[in-house]
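# With the input below, show me the fold.
(one chain, ligands or ions: 1)
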Amino acid sequence: MTEKLTLVQEQVRKFLAAELLPIVDQINEDGIFPEKVYRNFFKAGFGASFLPEEWGGDGDILGYLDIGAEIGRIDLGFALSVMASAVLFGKNVHLLGTDAQKKQYLPGIVDGSKIGCWALTDPTTGGSDAVGIQTFCEKKGGQYILNGAKTFITNAPVADYFIIISRMKGTEGKGIEGGCAFVVERGAAGMTLGKPLKKMGHRTSPTGEIFLENCAVPASALLGTEGRAFLDMKKSLDFERAAFSAIGIGAIDELLNIMIKYAAMRNVFGKPILEYQLIQEKIAQIGAEFDVMKAYTQVVRDKMVKGERMTKEAAIVKLLLSKLGLKAADEAIQILGGYGYMTEYRVERIYRDMRLYEIGGGTSEIQKLVIAKELAKEYMNRPGALI
Ligand SMILES: Cc1cc2nc3c(=O)[nH]c(=O)nc-3n(C[C@H](O)[C@H](O)[C@H](O)COP(=O)(O)OP(=O)(O)OC[C@H]3O[C@@H](n4cnc5c(N)ncnc54)[C@H](O)[C@@H]3O)c2cc1C
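Now for the predicted structure:
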């Protein structure tokens, strides 16, 4: 049986094989963001294809998840940067922006001439406690004044457009109320960028800091309704978690491919290690969990297409896929033995890249909190339990 690919998967695979694959080892080694490949990828129409036709996409959400999986096979860092611009920035502008904001920002994001990022995480209070952020905005005259800092922001070192999540001064302690999001452009007075941060993995995706010191933005820079940014974020986070998980699906599929092909060709004690039951057990376990994962992902895909609420389901996929991805990369290293530990072999890199999945986009602990809360709501509404 051969793998059945959709037309878009075939096209993306061809594109990546020609443009990214030949340089992927070197750019990872050197920690370089492949800007030219990025621009070409978007120019070819793949980067933000989930957006509706009027904004230059094809509106095919499922097709976009498949595109994510194809990039995930080759380089998780490149995939992260693509989605940070298209999904974290583009999707939020599309969802919350005024007509003028959409006209100003979406065309450049879709054709890849501009790069976007989305900045929530504060260095002081961290990423998990989103509503506790210490980046504040104040209204003065017809402007908002932003003060604070952001860290670990994907694409910040190369971005043209920044979504900054802040809290309205005076709403401290008000939880979900008081959040304000702004679109700020590179070069805005009062906004400076730190040096790119050095990382364990995802080395082709630039990550950085943003400093805001009396950064004045016009009222037209407000994204969405004043005071509602944390509520809006809850909605878009589900889509983001599901979209980013699609990248991991591609990576795990590729890991299985590597494990099986390598085990079939590596002879130890006179026969391929694929014939040893202890090796088969590793492949069977990862393969079985992966099949269940893919089946469950279908639940999320259906909800995405129907536009249904999927807070619990997106968190479950994010939690379990992160753990499976890391386990798959770990077992792949074990199957490759000493070669697996060498940077020359891709599994070493995938292992380092996969580690981020338990941290970025909400840690595994936070996903568990979300799932527990959703389950509690679900079960508390059911009639009695036989306790
Ligand atoms: C490569 C990379 C790219 C990133 N890109 C972006 C980006 O584009 N935009 C952006 O805004 N952020 C980005 N982040 C930040 C990321 O979202 C945060 O790192 C993440 O949300 C965790 O926040 P933190 O690092 O501040 O950890 P903390 O929030 O300080 O958490 C520390 C530890 O405590 C645990 N913890 C926290 N609260 C609880 C609790 N209630 N119960 C149990 N355990 C808890 C956490 O799970 C974690 O293990 C990125 C991070 C990385 C590493």
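# contacts and neighbour counts: CA atoms only from here.
OK.
# So which residues on the stretch 251-387 of the chain come close to the ligand?
By the rule Cα under 6 Å from any ligand atom, the part of the stretch 251-387 of the chain lying against the ligand is 359, 360, 361, 362, 363, 365, 366.
# Just confirm the fifth one contacts residue 126, I think it does.
So the one you mean is residue 363. No: assessed by Cα atoms under 8 Å, residue 363 is found out of contact with residue 126, at 11.3 Å.
# Which parts of the protein belong to which domain?
With domains defined by automatic domain parsing, the chain comprises 7-114, 117-227, 231-378.
# average pLDDT across the first one?
Per-residue pLDDT over domain 7-114 has a mean of 97.
# and the nearest residue to residue 309 once chain neighbours are set aside, how far is that from residue 242?
For residue 309, ignoring the flanking residues on the chain, the nearest one in space by Cα to Cα, 6 or more residues apart in numbering is residue 303 at 7.0 Å. When distance is defined by Cα to Cα, to the nearest Å, residue 303 is 10 Å away from residue 242.
# ok, now residue 207?
Per Cα to Cα, residue 207 is found 21 Å from residue 242.
# For the residue positioned nearest the centre of the chain, give me its contacts.
Closest to where the C-alpha atoms of the chain average out (Cα atoms, centre = their mean) is residue 244, at 3.9 Å. Taking Cα atoms under 8 Å, 6 or more residues apart in numbering as the criterion, residue 244 is in contact with 68, 80, 83.
# Which ones among the residues you listed map onto helices?
Members of the contacts of residue 244 lying in helices (criterion: DSSP state H): 68, 80, 83.
# Please name every helix or strand in contact with the helix or strand containing residue 376.
Here residue 376 is covered by helix 364-380, with elements defined by DSSP states H and E. Judged by 3 or more Cα pairs under 8 Å, 6 or more residues apart in numbering; DSSP states H and E, the packing partners of helix 364-380 are helix 311-336.
# Next, the buried residues of the helix or strand just after the helix it packs on.
Toward the C-terminus, helix 311-336 is succeeded by helix 338-341 as the next helix or strand (DSSP H and E). Using 16 or more other Cα atoms under 10 Å as the test for burial, helix 338-341 gives 340, 341.
# For residue 84, give its distance to the ligand.
Distance from residue 84 to the ligand, counting by Cα to the nearest ligand atom, to the nearest Å: 6 Å.
# Take the ones in helices among the contacts of residue 244 and write them to TSV, including neighbour count and distance to residue 154.
Shown next, in TSV, are these (neighbours: other Cα atoms under 10 Å; distance: Cα to Cα, whole Å):
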residue	neighbour count	distance to residue 154
68	29	16
80	23	8
83	23	10
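# any idea how far residue 166 lies from residue 83?
With distances taken as Cα to Cα, residue 166 is found 22 Å from residue 83.
# Tell me where the stretch 201-350 of the chain has helices.
For the stretch 201-350 of the chain, helices defined by DSSP state H, counting those that start in this stretch occupy the ranges 229-265, 277-306, 311-336, 338-341, 346-354.
# other SSEs contacting the third one?
In this case it means helix 311-336. In terms of contacts (3+ Cα pairs under 8 Å, 6+ apart), helix 311-336 is packed against helix 229-265, helix 277-306, helix 338-341, helix 346-354, helix 364-380.
# what's the answer for the last one, then?
The elements that helix 346-354 packs onto, with contact taken as 3+ Cα pairs under 8 Å, 6+ apart, are helix 76-83, helix 229-265, helix 311-336, helix 338-341.
# Go through those and find the least confident stretch.
Per-stretch mean pLDDT for the helices and strands packed on helix 346-354 is lowest at helix 229-265 (a mean of 94).
# ok, residue 370 - contacts?
Counting by Cα under 8 Å, 6+ apart, residue 370 has contacts 311, 312, 315.
# Could you report the separation of the first one from the ligand?
Okay, so that is residue 311. For residue 311, the distance to the ligand - Cα to the nearest ligand atom - is 16 Å.
# who's in contact with the closest residue in space to that residue that isn't next to it in sequence?
Spatial nearest neighbour of residue 311, excluding adjacent residues (Cα to Cα, 6+ apart): residue 238 at 5.6 Å. Residue 238 makes contact with 310, 311, 314, 315, according to Cα under 8 Å, 6+ apart.
# how close does the last one sit to the ligand?
As for residue 315, its distance to the ligand is 13 Å (criterion: Cα to the nearest ligand atom).
# Would you agree that residue is in contact with residue 243?
No: judged on Cα under 8 Å, residue 315 makes no contact with residue 243 at a distance of 11.7 Å.
# burial measure for residue 273, as a count.
Counted with other Cα atoms under 10 Å, the neighbours of residue 273 add up to 20.
# Residue 261 is in contact with that one, correct?
No: Residue 273 is beyond contact range of residue 261, at 10.5 Å (criterion: Cα under 8 Å).
# Residue 226 is in contact with residue 179, isn't it?
Yes: taking Cα under 8 Å as the contact criterion, residue 226 and residue 179 are neighbours in contact, 7.0 Å apart.
# Many thanks, have a good one.
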